[in-house]
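J.: attaching a predicted model along with its sequence, questions to come.
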Amino acid sequence: MAVGSASEERLDELTAREREVLVYTGRGLFNAETAAELVISENTARVHVLRILAKLQLRDQAQAVVLAHRLGLAPASEWASALGDLTSWKVNA
């Protein structure tokens with residue numbers, strides 16, 4: 001299923017905490033990082049992500065990231081600051 005309006009319509013099914021987790025997931029945080037931010041266990045963060053995926057009928061966390069961006073929950077500018085200066089990255093070919 002493509003990430004689209006059907007997933008957006010199901011957002012009302014998410015709890016407040018699941019919405020928070022979706023925001024952190026959309027910002028590219030791993031479950032452990034989300035757990036630290038929300039002061040919950042890593043397992044609890046993982047369960048929230050699994051419930052989000054099920055409720056929104058998403059295949060994986062990548063689709064959750066796309067949806068969060070589409071909804072404006074995780075703007076691209078936040079990714080840029082999280083990744084730092086990309087010009088300093090080196091790729092070995």
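T.: Alright, I've got the coordinates.
J.: may I ask which helix or strand of the chain has the lowest mean pLDDT?
T.: Ranked by mean pLDDT, DSSP states H and E, the weakest helix or strand in the chain is helix 76-83, scoring a mean of 59.
J.: buried sites along stretch 22-40?
T.: Buried residues in stretch 22-40, counting neighbours by 16 or more other Cβ atoms under 10 Å, are found at 22-27, 29, 31, 34-35, 38, 40. Yep, even glycine has a C-beta here, placed from its N, CA and C like the rest.
J.: just the closest of those to residue 14, please.
T.: Nearest to residue 14 among the buried residues of stretch 22-40: residue 22, at 6.8 Å, using Cβ to Cβ.
J.: roughly how far does residue 10 sit from residue 43?
T.: In this view, residue 10 and residue 43 are 24 Å apart by Cβ to Cβ, to the nearest Å.
J.: between those two, which one's more packed in?
T.: Neighbour tally, residue 10 and residue 43, criterion other Cβ atoms under 10 Å: the higher count belongs to residue 10, 15 against 10.
J.: which residue, other than its chain neighbours, is closest to the residue positioned nearest the centre of the chain?
T.: Nearest residue to the geometric centre of the chain (Cα atoms, centre = their mean): residue 25, 2.0 Å. Ranked by Cβ to Cβ, 6 or more residues apart in numbering and with sequence neighbours excluded, the top spatial neighbour of residue 25 is residue 64, at 5.0 Å.
J.: and whichever helix in the chain runs longest, what does it pack against?
T.: What stands out as the longest helix in the chain, according to DSSP state H, is helix 42-55. In terms of contacts (3 or more Cβ pairs under 8 Å, 6 or more residues apart in numbering; DSSP states H and E), helix 42-55 is packed against helix 16-26, helix 31-38, helix 61-70.
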